[in-house]
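> Quick check, what structure comes out for this input:
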Amino acid sequence: ERLSPSGFAKTIAIALLPDERPITSGLEVQAGQLTARLGADEDRLEWESTLKPANAFTLRAAPGFNLAEVWKIDASSRFETFYKGIPQVFGEPGDQAVFLPFPGEALEVRVNLPKPIAGLDWAIESSRLVLKPGDERMAGVLTLALRSLSAQIQAVEFPKDTRIRALKIGGQAEPADWRDGKLFLQLKPGRQEVVIEFETPIPLALVTQAPNITLGASSVNARVTMAIPYSRWPLFSFGPVVGPAVLIWGLLAFLAVVAWGLSRYQPGTAFRLRYWEWLALLAPLCALQAWQALEVVIAVLALQGRERVEAQNLRPWTFNLLQLVLGILALFFLVAMIAGVKRGLLGVPDMMVAGGGSSNWQWIWYQDRQGMDYVSAGMVSLPMWVWKGLMLVWSFWIASRLIVWGKLAWAAASRGGMWRIETPTKS
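Just a heads-up that it's a prediction; the model follows:
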């Protein structure tokens, strides 16, 4: 590129690199030098050359001051490139390197091709296993997002009694090559998604676990999603750390401590609940509607505290207001009990499942890295009729205890009278 004023022709000799061969036509090359000719109206001359493949070469700036050189090296990311000599003035590792040499300065460039590491020529970038347990069989869909360097055949191993319902590779339906518990996949070069629909004879039981699936390679970003049927009462989960957590057991442990404290501190004398009565009263309510348990505690403590109130020391309007508040709390107590019985017999428990995007009826596990065996996850559950039976027993127990507690609560609320009418005094 001309830096001097234009308007006159210019000829300059430029030294070529060893083994450099210009391939642009119309150039004059002699004795390792290229004669660059710029016309009066030309400010720029470009050419292309080839170099003999080598691991290292040296760039050396011309000794004279009539030529200012700029070296730009655009190295492929496949190579490790090392520079020795003048410092780099622009660019970052992996980008185009720029050097501004002074006359006579040299730059040694060394290029290394990293040695390949032995490994697979295909990789699984993410996977998801969706399971729908049934009474006799478990339906599932395995989705693999993978990348292959070549056309090849890979096998995914399932339990031997598994039945393959459908297979899609790259969105196209493919025939299932199922032999001896292995499904053979015809992979194509590039990225593709493999969807496998299957059924396996794993029935619902106390412990329900995902089927044993073996992939042809280790993988990352593995997920397991299990749809919990409404016919089961899920109790616990097991699997990767990032997954569902049944929080109701922590709440019940806290409730056991609260019930112990309530049994120790009760303001009433006749109307008192023992520890196991507090626990049996509040535990089912927490599994249905936790806020109803708070209503019950407030109502019982208020009725117990009524025993200590000396009615004759209160003004009539104060006493009547107290009785009105107690009546409202007693009504809330009865509504909470009726709603608890109804939800217990007709509804389902709220096990407070959270974690990994899970809910009560859909549990999701996540594993960032896994080996060839697909991540194992599952649940511990009971039939829902067990919960219904416990709620039926609890309902009968509540009905029997309400008769006893109702008498004690009435005696506490009527101590000193139920309602007072202020009589005007005669002057």
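> who's in contact with Gln209?
Counting by Cβ atoms under 8 Å, 6 or more residues apart in numbering, Gln209 makes contact with Ile202, Ser376, Ala377, Gly378. Any C-beta I mention is one placed from the backbone N, CA and C, and that applies to glycine too.
> among the helices and strands of this protein, which has the poorest mean pLDDT?
Every helix and strand of the chain was ranked by mean pLDDT, DSSP states H and E. The lowest is helix 290-306, at a mean of 76.
> Buried residues, that one. List them.
Residues of helix 290-306 classed as buried: 292-293, 295-297, 299-306 (neighbour count, 16 or more other Cβ atoms under 10 Å).
> With stretch 193-201 instead?
Val194, Val195, Ile196, Glu197, Phe198, Glu199, Thr200.
> again, but for stretch 213-230
Residues of stretch 213-230 classed as buried under the neighbour-count rule (16+ other Cβ under 10 Å) are Ile213, Leu215, Gly216, Ser219, Ala222, Arg223, Val224, Thr225, Met226, Ile228, Pro229.
> quick one: which two of those are the most distant?
Gly216 and Pro229 (31.8 Å; Cβ to Cβ).
> Among the buried residues of stretch 213-230, which are located in strands?
Ser219, Ala222, Arg223, Val224, Thr225, Met226 (DSSP state E).
> tell me the contacts of the residue nearest the centre of the chain?
Nearest to the mean C-alpha position of the chain, counting by Cα atoms, centre = their mean, stands Gly356 at 4.8 Å. By Cβ under 8 Å, 6+ apart, the contact set of Gly356 is Val242, Gly243, Pro244, Ile364, Trp365, Tyr366.
> Counting neighbours, which of the contacts of Gln209 comes out on top?
When neighbours are counted by other Cβ atoms under 10 Å, Ala377 leads the contacts of Gln209 with 26 neighbours.
> Restricted to strands, list the buried residues of stretch 193-201.
Per DSSP E, these map to strands at Val194, Val195, Ile196, Glu197, Phe198, Glu199, Thr200.
> for the protein, what are the low-confidence residue spans?
1, 7, 90-94, 268-270, 287-290, 310-314, 416-417, 420, 422-427 (pLDDT under 70).
> Buried residues in stretch 111-130, which are they?
Result for stretch 111-130 [16+ other Cβ under 10 Å]: buried residues Val111, Trp122, Ile124, Ser127, Arg128, Leu129, Val130.
> Can you tell me which of the buried residues of helix 290-306 is closest to Trp71?
For the buried residues of helix 290-306, the nearest to Trp71 is Ala293 (78.0 Å; Cβ to Cβ).
> Report the contact partners of the closest one.
Contacts of Ala293 (Cβ under 8 Å, 6+ apart): Leu255, Leu282, Leu285, Cys286.
> Name the nearest residue to it, ignoring sequence neighbours.
Nearest non-adjacent residue to Ala293, counting by Cβ to Cβ, 6 or more residues apart in numbering: Leu285, 4.2 Å away.
> Which strand or helix spans that neighbour?
helix 275-288 (DSSP states H and E).
> Ok, Gly327 next?
Judged by DSSP H and E, Gly327 forms part of helix 316-346.
> got the angle for that helix vs helix 290-306?
140 degrees (axes from the mean of the first three to the mean of the last three Cα atoms, to 10 degrees).
> buried stuff in helix 316-346?
319-320, 322-323, 326, 329-330, 333, 336-337, 339-341, 343-344.
> going on from it, what's the next piece of helix or strand?
Next along from helix 316-346, by DSSP H and E: strand 353-354.
> Give the pairing partners of that next one; include direction for each.
strand 245-246 (antiparallel) (DSSP bridges).
> and the strand it pairs with, how far from the chain's centre?
15 Å (Cα atoms, centre = their mean, to the nearest Å).
> I'd like the next helix or strand past it.
helix 248-264.
> which residues sit in contact with Arg272?
Gln266, Gln304.
> Wait, a helix at it?
No: counting by DSSP: H, G, I helix; E, B strand; the rest coil, Arg272 falls outside a helix, being coil.
> thinking again about what came up before, using a markdown table, lay out the ones in strands among the buried residues of stretch 193-201 together with distance to Leu16.
Converted to a markdown table, these look like this (distance: Cβ to Cβ, whole Å):
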| residue | distance to Leu16 |
| --- | --- |
| Val194 | 54 |
| Val195 | 58 |
| Ile196 | 60 |
| Glu197 | 65 |
| Phe198 | 66 |
| Glu199 | 71 |
| Thr200 | 70 |
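> and which of those residues is nearest to Arg163?
Of these, the one sitting nearest to Arg163 (Cβ to Cβ) turns out to be Glu199, at 4.8 Å.
> so how far is Gln362 from the residue nearest to the centre of the chain?
Counting by Cβ to Cβ, to the nearest Å, the gap from Gly356 to Gln362 is 10 Å.
> Phe65 now?
Phe65 is 76 Å from Gln362, by Cβ to Cβ.
> cool, Lys160 as well?
Counting by Cβ to Cβ, the gap from Lys160 to Gln362 is 29 Å.
> out of those two, which sits in the more crowded spot?
Neighbours per residue, other Cβ under 10 Å: of Lys160 and Gln362, the larger number sits with Gln362, 14 against 10.
> Enumerate every residue touching the closest residue to the more buried one other than its chain neighbours.
Leaving aside its sequence neighbours, Gln362 sits nearest to Ala227 (Cβ to Cβ, 6+ apart; 5.8 Å). By Cβ under 8 Å, 6+ apart, Ala227 lies in contact with Val130, Leu131, Lys132, Pro133, Trp361, Gln362.
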